[in-house]
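**Student:** sequence unknown, structure follows:
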């Protein structure tokens, strides 16, 4: 019985130390400022349990409601000690687009965490 307990404990330790344990990256806040007629500044806050270079939130992107990418902000390094964190980008958005989806990506899970649908300011 003790052998099984040791095996279970080792399995749990291996699972919690694996890259999958950090989970998916979530978009937790979005602020949009209209800069020009069709140009917007997106300020996005994401949360992810970055573990280092093998598993970290590596980008977020803006999509139209049909799922077409309108721009992406690449995150060049892990933010292990800075969670949640906020980054911005400016992007031209077609004038017919009224709402966008913001989603984030990590190096292990791809997409899948919390997304936000937001209306563009007039």
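**Tutor:** Okay, I see it. Nothing here was measured: the structure is a model prediction, and the numbers come from that model.

**Student:** buried stuff in the longest strand anywhere in the chain?
**Tutor:** Longest strand in the chain by number of residues (criterion: DSSP state E): strand 26-36. Within strand 26-36, the residues that count as buried by 16 or more other Cβ atoms under 10 Å are 26-27, 30, 32. No exception for glycine: its C-beta is placed from N, CA and C like everyone else's.

**Student:** got the angle between the helix or strand immediately after that strand in the chain and strand 26-36?
**Tutor:** Scanning forward in sequence from strand 26-36 by DSSP states H and E, the next helix or strand is strand 39-47. Angle, strand 39-47 to strand 26-36, by axes from the mean of the first three to the mean of the last three Cα atoms, to 10 degrees: 170 degrees.

**Student:** in its sheet, what does strand 39-47 sit against?
**Tutor:** Strand pairing for strand 39-47, using DSSP bridges, gives strand 26-36 (antiparallel), strand 85-92 (antiparallel).

**Student:** give the next helix or strand downstream of it.
**Tutor:** strand 57-63.

**Student:** run the angle between that next one and strand 85-92 for me.
**Tutor:** Going by the same axes, to 10 degrees, strand 57-63 makes 40 degrees with strand 85-92.

**Student:** what's the helix or strand that strand 57-63 is followed by packed up against?
**Tutor:** Downstream of strand 57-63, the first helix or strand assigned by DSSP H and E is strand 69-74. Applying 3 or more Cβ pairs under 8 Å, 6 or more residues apart in numbering; DSSP states H and E, we find strand 69-74 packed against strand 39-47, strand 57-63, strand 85-92.

**Student:** ok, strand 69-74: who's next to it in the sheet?
**Tutor:** strand 57-63 (antiparallel).

**Student:** residue ranges in the protein under the pLDDT threshold?
**Tutor:** 1-23, 50-52, 79-80 (pLDDT under 70).

**Student:** give me phi/psi at the residue nearest in space to the middle of the chain?
**Tutor:** Centroid-nearest residue in the chain, with Cα atoms, centre = their mean: residue 104, separated by 2.6 Å. The phi/psi pair for residue 104 (degrees, to the nearest 10) reads phi -120, psi 160.
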